[in-house]
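J.: Okay, here's the prediction I keep looking at, along with the sequence it came from:
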Amino acid sequence: MAELRIARDGGVARLTLDRPPLNVLTPALIEAIGAAFRELSADPALRVVVLAGSGHAFSAGVDVAAMRDLDVVGARALIERLRTTIRALEDVPVPTIARLHGHVLGGALELVLACDLRIAAASCRLGMPEITVGIPSVIQAALMPGLIGWGRTSELLLGGRPVDAPEAERWGLVSRAVEEAALDQAVEDWVGRLLALPPDALRLQKALLTRWRRVDLDTAVALSTDVFARAYSTGEPRRAMQAFFDRRVDARRPEA
C-alpha cells in the first residue's frame, strides 16, 4: 500500500505512515498496518520494529470524515478493525519502537501505546481528543491508568486536551522526550542496543511483557518461572554468561 512504507535492513523493520500531510488513519490504512505487523511477526529473523510517520506529524488519528456518518454497526466494525490492528502490533514477538513527532492523537496514540518504547520529539503533542467530537476514547486507552495514574488519565480522556512530550515523559506516557534534531539518533541508539542483546531472550521477555498486561499477578509470576526455565533450552544463557565472564577477564588483563 502506497500510504504505508516498509523497509527492511537485516533484522530491523521500519514501517512509516505516508499519508500527507498528517497521516490520518483511514480504514484501509488501519487494515494495511495490521497486515504488515502480522506478516512481520512470522519472520524468525526479525529483531526490532520501528514505527514512524512522515511529514508534519506521526498521525493526527483516525479520519473524522470516515467516522462522522457511521451507524452502530459501522462504528463497531471500524473500532474492531482498529482493535485487531493494535492486537497485531502487541503480538509482534520482538521489541517495537515508536518514533513520534508533530501530533500523536486519538487512534494514533492508541496504536503507539501498543509499542514497547515511545521516543518523542520535545515538540510533539500527544492526546485523546475523541470526546471533543462526541465519542469516548477506547481500546489502548484502558492501559493509561496503569501507565500514568487515574488522575492524569481523566485529564486526557475527559478534557480532550493534548500534552507536550516533556510532560508526557514525566507522566510515563512516553519513554523519552528529546530535541527534534536528536530524535533519529535516540531511536537508532535503542535499535543498536536491542540488536546487541541475545535475540532469543528478547523474544521471551517480549512475550512475557505482552502476557503480563492481560493476566493477574499470580498467573504472571507462574508464567515467568516457566519462561525462565525454558530460556535454557536455547543455549543463549550459557553463551551470554560466558561472554560476561570473558569480558571481566579481559578487563583485568594489564595493558601490553
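T.: Ah, there it is.

J.: Identify each of the helices in the stretch 101-250 of the chain and give its residue range.
T.: Per DSSP state H, counting those that start in this stretch, the stretch 101-250 of the chain carries helices over the ranges 107-112, 144-148, 150-159, 165-171, 183-195, 199-212, 217-231, 236-252.

J.: For residue 50, find the nearest of these.
T.: helix 183-195 (6.3 Å; CB to CB). Backbone N, C-alpha and C define where each C-beta goes, glycine included.

J.: The closest one vs helix 199-212, what angle?
T.: 110 degrees (axes from the mean of the first three to the mean of the last three CA atoms, to 10 degrees).

J.: Sort out which residues of helix 183-195 are buried, please.
T.: Neighbour-count burial for helix 183-195, with 16 or more other CB atoms under 10 Å as criterion, is recorded at 183, 186, 187, 190, 191, 194.

J.: Report all helices and strands that the host helix or strand of residue 85 contacts.
T.: In the assignment (DSSP states H and E), residue 85 maps to helix 72-90. Counting contacts by 3 or more CB pairs under 8 Å, 6 or more residues apart in numbering; DSSP states H and E, helix 72-90 packs against helix 27-41, helix 64-67, helix 107-112.

J.: Apply 6 Å and report the result again.
T.: Packing contacts for helix 72-90, counted by 3 or more CB pairs under 6 Å, 6 or more residues apart in numbering; DSSP states H and E, involve helix 27-41.

J.: Can you name the residues in contact with the helix it packs on?
T.: 1, 3-4, 6, 13, 15, 46, 66, 81-82, 84-85, 88-89, 92-93 (CB atoms under 6 Å, 6 or more residues apart in numbering).

J.: what angle sits between it and helix 72-90?
T.: Going by the same axes, to 10 degrees, helix 27-41 makes 30 degrees with helix 72-90.

J.: Helix 27-41: what's the following helix or strand?
T.: Proceeding N to C from helix 27-41, the next assigned helix or strand is strand 48-53, under DSSP H and E.

J.: avg pLDDT for the helix holding residue 85?
T.: Helix 72-90 carries an average pLDDT of 96.

J.: what lines up beside the helix or strand that it is followed by in the sheet?
T.: Scanning forward in sequence from helix 72-90 by DSSP H and E, the next helix or strand is strand 96-100. Partners of strand 96-100 in the sheet, by DSSP bridges, are strand 48-53 (parallel), strand 117-121 (parallel).

J.: any chance of those strands in TSV, with mean neighbour count too?
T.: What follows is these, written out as TSV (neighbours: other CB atoms under 10 Å):
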stretch	mean neighbour count
strand 48-53	24
strand 117-121	25
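
J.: Make TSV from those and add distance to residue 224 and mean pLDDT to it.
T.: Listed next are these as TSV, based on distance: least, CB to CB, whole Å; pLDDT from 0 to 100:
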stretch	distance to residue 224	mean pLDDT
strand 48-53	23	98
strand 117-121	21	98
